[in-house]
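1. Sequence first, predicted coordinates after that:
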Amino acid sequence: MASQGEERSDGYWRGVIRRFLADRVAVAAALVVFALVLLALVGQWITPADPFQASMLKRLKPIGTEGFPLGTDELGRDMLSRLMVGAKLSLFMGITPVLVAFLIGSALGILAGYSGGFINGAIMRTIDVFYAFPSVLLAIALSGALGAGIVNALLSLTIVFIPPIARVAESVTTQVRHRDYVEAARASGAEALTIVRVHVLGNVLGPIFVYATSLISVSMILASGLSFLGLGVKPPQPEWGLMLNTLRTAIYTQPWIAALPGVMIFITSISFNLLSDGLRSAMEVKQ
Amino acid sequence: MSDGKVLLQVQGLQKHFPVRQNSFIPGGKRVLVRAVDGVDLRLYEGETLGVVGESGCGKSTTARLLMHLIEPDEGSVVFDGKTVGRDLSLREYRRQVQMVFQDSYSSLNPRLTVLDSIAFGPQVHGVSAGQAKARAEDFMQRVGLDPSRFGERYPHELSGGQRQRVNIARALSLQPRVIILDEAVSALDKSVEAQVINLLMDLKDSLGLTYLFISHDLHVVRYISDRVLVMYLGEVVETGPAETLFKAPAHPYTAALLSSMPSMDPDHRTEEAPLSGDPPNPINPPSGCRFHTRCKYQASMCQQSAPSLVPIQQQAEHQAACFLHHPRSRHPQAIKP
């Protein structure tokens, strides 16, 4: 008892940051993510060559060609520049649907989890309907129905991610709702909204957010897939999934160049996954 | 004590939880768990009423029903002469009646500091943030925690006893008249438990509180209570002044519970198990007297009809629900008055 008096009280978030910084893999992933976001923001201003400048004479030059450090694509455009510019759209298509789905899905899940009973049943059973389709199929079907285009692709991806996020939000909220501190708050006469704001949100948003981060990689891959099928970004706009699609014809002549957009997607998605893993373990409160 | 004013009263309190026996068949057979089945309860101002019984007998459900954390099926709560929900708003009632839970960790929000947790209640009832904090500090002092040392801490940085003190301070911060203590000291170490019990008794004297003290620990209940209520399978089987009830239990179940208390005297050790087996399933409670399946005095009439609470030896405060004490019950072993 006596020794506890001297030690400094750490806030919850300070502890999270301390644990996160001790996790080397997570910090490395965070740095990669930071670099990618930076690239997405400024990439189009610092390209070594014009990413849209095609040249029939310089088609499919190998990696390391003079003037083209990462070679050229099937139309003779500089790969490095296209990859740099492509980061913007690829990340945007990966993060935006997850962010929007995080807001909507959390709201639905928290409402369902806190209300319980009929409202829970109505919301969760509706969401279960979306679970009947595999996410790739659902995204393609929605995009196909809405028509090609970036906005429609974003919309369909958002719809795909609402159900899983809502389900996680519902299960975390249901757990928290039956904790004694929520009962105690009810016993103090507080309104439901006050209880949700003070006692529920702080305890559920963290885990939901971590789960949503892990969906960013899925979203990127699905967005790439949509672009690959011609349902998302349209040429000549560089986007990694679309680049992968157009370069697939060159896979026997220049396999390394054809693989480059795939490598970028891989690095990005694994970084987001490792980052969310690190966040999750850093946010676990010791009992 | 019984000459005092009745502060809290319920009659015929009942809660049956529907459960589906086979959840795979839609509309499958629904059965009822009779968690609390017609409990009458009276709490006099300034007393401590102990509620005892085995696990699953409905003690905690009764507490939650009294707080309206779960809605009772039957039986309205009357507080200070006003029916809750009709003459007295639930919000105001909850300011007057507070509760302390068993699990000291789960009953504190891990993301809030101790001060914020205690100050939450008063803020809900319109006290400004600054005043609520000052009040929280005051009540931390009263429960023996230095606000400057513990105020900004988080629950996981406190010991179990300290956390339970915080929970008591939170209950007190609304300045209630009644506190329901649901196994509030059961999870603590014996030495800490004793400290918290003494704290509770001091607080009761200095703040003029009334306690409903739920516990399975008979020694603690005997020590702290003025009156005791014994529950079995959702029903009250005996109630009476603590001393009388502990010295001369009238119901066979109470007697069995008391003889299960570990004795400090080796000459009085219990030779045979006073009660065998688990309590019967509250889904299909036994017919007649619910205790007859485990009672050594059971007669055929006990299976057929349920005994009501009757006064023992013409004392109105001491009542038991057993045919042994019904004057004209014709139970073969009935005690003649």
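-> Okay, I see it. Predicted model, so just to flag it, every value in this text is computed and none were measured.

2. which parts of the stretch 51-200 of chain A sit against chain B?
-> A:179-181, A:183-191, A:194, A:198-199 (CB under 8 Å from any CB of the partner chain). Just so you know, the C-beta spots here come from the backbone N, C-alpha and C atoms, and that holds for glycine as well.

3. Go again with 10 Å.
-> A:176, A:178-191, A:194-195, A:198-200 (CB under 10 Å from any CB of the partner chain).

4. Just those: which are in strands?
-> Using DSSP state E, no member of those sits in strands.

5. where along chain B do the helices fall?
-> Using DSSP state H, the helices of chain B run over B:59-66, B:90-96, B:114-124, B:129-142, B:147-150, B:160-172, B:190-207, B:218-224, B:242-247, B:252-259, B:300-304.

6. how about CSV for these, with mean neighbour count and distance to A:Lys61 added?
-> Below are those laid out as CSV (neighbours: other CB atoms under 10 Å in any protein chain shown; distance: least, CB to CB, whole Å):
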stretch, mean neighbour count, distance to A:Lys61
helix B:59-66, 23, 75
helix B:90-96, 18, 76
helix B:114-124, 25, 64
helix B:129-142, 18, 67
helix B:147-150, 15, 69
helix B:160-172, 25, 69
helix B:190-207, 15, 77
helix B:218-224, 18, 85
helix B:242-247, 17, 95
helix B:252-259, 21, 90
helix B:300-304, 15, 96
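
7. thinking again about what came up before, just the buried subset of the residues of the stretch 51-200 of chain A next to chain B, please.
-> A:176, A:179-190, A:195, A:198-200 (16 or more other CB atoms under 10 Å in any protein chain shown).

8. Could you tell me the phi and psi values at B:Ser263?
-> phi -90, psi 150 (degrees, to the nearest 10).

9. Show me where chain B dips below the pLDDT cut-off.
-> B:1-3, B:21-29, B:268-273, B:336-337 (pLDDT under 70).

10. Just want the most central residue of it.
-> Taking CA atoms, centre = their mean as the criterion, B:Ile214 is the residue nearest the geometric centre of chain B, at 3.1 Å.

11. Quick check, that residue in contact with B:Met67.
-> No - if you go by CB atoms under 10 Å, B:Ile214 and B:Met67 don't touch, sitting 11.9 Å apart.

12. Now for the two: what residues contact both?
-> B:99, B:180, B:182 (CB atoms under 10 Å, 6 or more residues apart in numbering or on different chains).

13. Filter the residues you listed down to just the ones in strands.
-> Among these, the ones falling in strands (DSSP E) are B:99, B:180, B:182.

14. check these against chain A, which are close?
-> Okay, of these touching chain A (CB under 10 Å from any CB), that's B:99, B:180, B:182.

15. OK, contacts around residue 113?
-> If you meant another chain, say so; for now it's chain A. A:119-120, A:123-124, A:166-167, A:169-178, A:196, A:200, A:204.

16. oops, chain B please
-> B:Thr113 neighbours (CB under 10 Å, 6+ apart): A:9, A:11-12, B:119, B:136, B:150-155, B:157.

17. which stretches of chain A have low pLDDT?
-> Applying pLDDT under 70 to chain A flags the ranges A:1-11, A:285-287.

18. tell me, what residue is most central in it?
-> For chain A, by CA atoms, centre = their mean, the most central residue is A:Ile216; offset 1.4 Å.

19. can the host helix or strand of it be found next to chain B?
-> Using DSSP states H and E, the element containing A:Ile216 is helix A:201-228. Yes - interface with chain B: helix A:201-228 contributes A:201-203, A:206 (CB under 10 Å from any CB).
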